[in-house]
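turn this into a model:
(chains A and B)
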Amino acid sequence: GAGVSQSPSNKVTEKGKDVELRCDPISGHTALYWYRQSLGQGLEFLIYFQGNSAPDKSGLPSDRFSAERTGGSVSTLTIQRTQQEDSAVYLCASSFTGRQPQHFGDGTRLSIL
Amino acid sequence: DAKTTQPNSMESNEEEPVHLPCNHSTISGTDYIHWYRQLPSQGPEYVIHGLTSNVNNRMASLAIAEDRKSSTLILHRATLRDAAVYYCILRDGWTSYDKVIFGPGTSLSVIP
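From the prediction side, this is the model:
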């Protein structure tokens, strides 16, 4: 069956531009997480969705970052006015419920020039 | 968060079994032991999880000590594709959701 799909797989953009990252979770998974991973570093939690609601946004680094989820399925992470420190791999994970094992996509590698 | 400790790196020969240890001496009664791995340039991959009893699935086996203060991930026959960083984490089974927070993990090298 299909796993978690993220697009684009790579994104290079200029500092100051806005970017949108997309995540298609596994069908039927109600929980969706966004993380980011800098080179050689661990996972940094960004936001958690249960259905279309985001009960935990505590990991969003600044108000330039926002995310939404529609129809209990696809989620979009938006970064406005990108900065060089935003360069990282952005990972999406989904799980059947919030407690179940998380299944990750392969991420979007974001590079800010 | 409860912590786990793992060796930084391990080596195995191809087609031999691999035993990856994890210590979690402060584990609570509601904590599940989860293992993930991350291959180069890929997202993390769920491997297995358990609470008290040993668990088997198509990827690996998980052996949990009787006092639950340690566990071992067993790959029965290592292949080159198993070269990855392996993460052992604890996740509270009572919360409605739980973030995945990895430590440094164990970097497994498989020698052909």
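
can we go C-alpha only for contacts and neighbour counts from here?
Will do.

chain B against chain A: which residues are in contact?
Those residues of chain B that sit near chain A, judged by C-alpha under 8 Å from any C-alpha of the partner chain, are B:34, B:41-46, B:93, B:95-104.

switch the cut-off to 10 Å
Listed as neighbours of chain A in chain B under the rule C-alpha under 10 Å from any C-alpha of the partner chain: B:34-36, B:38, B:41-49, B:91-105.

just the buried residues out of those, in ChimeraX syntax.
Command for ChimeraX, covering only those of the residues of chain B next to chain A found buried under the criterion 16 or more other C-alpha atoms under 10 Å in any protein chain shown:
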select /B:34,35,36,38,43,44,45,46,47,48,49,91,92,93,97,98,99,100,101,102,103,104,105
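
among the residues of chain B next to chain A, which are in strands?
The strands in this structure, assigned by DSSP state E, contain B:34, B:35, B:36, B:38, B:45, B:46, B:47, B:48, B:49, B:91, B:92 from these.

could you dump the residues you listed to TSV with pLDDT and distance to residue A:84?
Output for those, formatted as TSV (pLDDT from 0 to 100; distance: C-alpha to C-alpha, whole Å):
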residue	pLDDT	distance to residue A:84
B:34	95	34
B:35	96	32
B:36	96	29
B:38	95	25
B:45	95	28
B:46	95	31
B:47	97	34
B:48	97	36
B:49	95	37
B:91	90	33
B:92	86	35
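
in these, find the pair that's most separated.
Taking every pair in those and measuring C-alpha to C-alpha, the maximum separation is 21.8 Å, between B:38 and B:92.

residue ranges with poor pLDDT in chain B?
When the per-residue scores of chain B are filtered using pLDDT under 70, the ranges that remain are B:1-2.

centroid residue for it?
Centroid-nearest residue in chain B, with C-alpha atoms, centre = their mean: residue B:35, separated by 3.4 Å.

for that residue, which residues make a bridge with it?
In this structure, residue B:35 has the following beta-bridge partners (DSSP bridges): residue B:48, residue B:88.

swap in residue A:50?
In this entry, residue A:50 is beta-bridged to residue A:31, residue A:53, by DSSP bridges.

how near is it to residue B:50?
Shown here: residue A:50 relative to residue B:50, a distance of 24 Å by C-alpha to C-alpha, to the nearest Å.

can you give me the buried ones in the worst-scoring helix or strand of chain A on mean pLDDT?
Counting by mean pLDDT, DSSP states H and E, the weakest-scoring helix or strand in chain A turns out to be strand A:53-56, with a mean of 91. Within strand A:53-56, the residues scored as buried using 16+ other C-alpha under 10 Å are residue A:54.
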